[in-house]
Structure formats: structure tokens, C-alpha cells
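A.B. asks: Give the three-dimensional model of this entry:
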Amino acid sequence: MKQFITGIGGVFFRSADPAATYAWYRETLGLPADDYGHLFKPLASDGQPLFTQWSVFTADTDYFGDQGQKFMINYRVQNMDGLIAHLESRGIPLLGGPDHYDYGTFIWIEDHAGNRIELWEPKGGFEEAEDE
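C.D. replies: Below is the predicted model:
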């Protein structure tokens with residue numbers, strides 16, 4: 001079977017006070033964060049940057065789906081059209097998307113246990129444009 005996931009695109013979690021959580025990570029661990037969190041920029045083996053977004057959401061967000069889900073993983077993927085066709089062939093419905101942005105395309109599904117998953121295909125050139 002073709003491999004679609006190429007890495008972790010982000011880690012997201014709920015907080016009763018996102019501003020205080022950002023402050024704690026900034027002050028305690030030196031993690032710089034803005035209103036969107038922090039964007040890590042590691043490099044792949046071919047020297048290309050791989051982005052991982054770290055973000056805190058409000059406790060009442062519906063972005064993760066069920067209120068009992070405290071975290072959501074964003075997987076970086078390739079061949080979004082092929083992945084969507086594969087999901088459809090397996091009877092796995094999209095919960096949202098595809099949503100297209102200048103930094104890539106997103107879809108949302110649930111795993112077998114009902115955990116919402118975000119799938120992101122970065123748009124070509126995003127990495128280079130971010131560094132300019």
C-alpha cells in the first residue's frame with residue numbers, strides 16, 4: 001500500500017486559559033509563542049524544512065470534535081487527492097475539507113476510536129516562502 005503520512009504536522013490541545021499556557025511554556029521552557037503557538041522548523045534528510053505547529057486552543061473549542069478529546073494530531077501527508085480516494089474506498093467519511101489555504105490543504109477524519117485527526121498537505125513552496 002502507498003504511504004501517505006510523511007510526518008507530524010502539529011500537536012494541538014485544549015486549555016482553560018491559552019494565554020496563561022503560552023506564558024508558562026514561554027517563561028518555563030523558553031518556547032517562543034504568538035497567538036498561533038510556535039512553528040518548529042526542523043530539516044528533512046534532503047535538507048528541506050519540515051514544519052511542526054504547536055498550538056493551544058480554548059477548552060471549549062470544537063476544532064477537535066468531541067469535547068472529551070484533549071489532543072489532536074495533525075499529520076503531514078502527500079497526494080491528498082489519492083488519500084481522499086483511498087479513504088472513500090474504505091468507507092471513511094471526511095468530517096471536513098478539503099479546505100485550501102496558501103500554506104496547504106486540510107481534511108479531517110476520525111480514527112477507529114473516534115479521535116479526530118487533521119491531515120495536511122503542505123503547498124509547494126510554503127517552506128521557502130516562510131523563511132523570506
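A.B. asks: Contacts only, for Ile8.
C.D. replies: Ile8 sits next to 52, 73-76 when contact means C-beta atoms under 8 Å, 6 or more residues apart in numbering. Bear in mind the C-beta positions are built from the backbone N, C-alpha and C, glycine included.
A.B. asks: ok, it to Pro32 distance?
C.D. replies: Going from Ile8 to Pro32 by C-beta to C-beta, to the nearest Å gives 20 Å.
A.B. asks: Report the rounded mean pLDDT for the helix or strand containing Ala23.
C.D. replies: Element membership for Ala23 (DSSP states H and E) is helix 18-29. Mean pLDDT, helix 18-29: 86.
A.B. asks: pretty sure Leu94 is touching Phe106, no?
C.D. replies: No: assessed by C-beta atoms under 8 Å, Leu94 is found out of contact with Phe106, at 10.3 Å.
A.B. asks: So for the two, which residue has more residues nearby?
C.D. replies: The neighbour count for Leu94 versus Phe106, taken as other C-beta atoms under 10 Å, is higher for Phe106 (19 against 13).
A.B. asks: Confirm that one sits in a strand?
C.D. replies: Yes: Phe106: assigned to a strand according to DSSP: H, G, I helix; E, B strand; the rest coil.
A.B. asks: give the contact list for it.
C.D. replies: Contacts for Phe106 (C-beta under 8 Å, 6+ apart) come out as 96-99, 118-121.
A.B. asks: The host helix or strand of Glu121 - contacts with which helices or strands?
C.D. replies: Using DSSP H and E, Glu121 sits in strand 116-122. For strand 116-122, the elements it packs on are strand 5-15, strand 71-77, helix 80-89, strand 104-110, judged by 3 or more C-beta pairs under 8 Å, 6 or more residues apart in numbering; DSSP states H and E.
A.B. asks: Name the SS class of Val56, please.
C.D. replies: Following three-state DSSP, the label given to Val56 is strand.
A.B. asks: Now do it against Gly10, distance only.
C.D. replies: Counting by C-beta to C-beta, the gap from Val56 to Gly10 is 12 Å.
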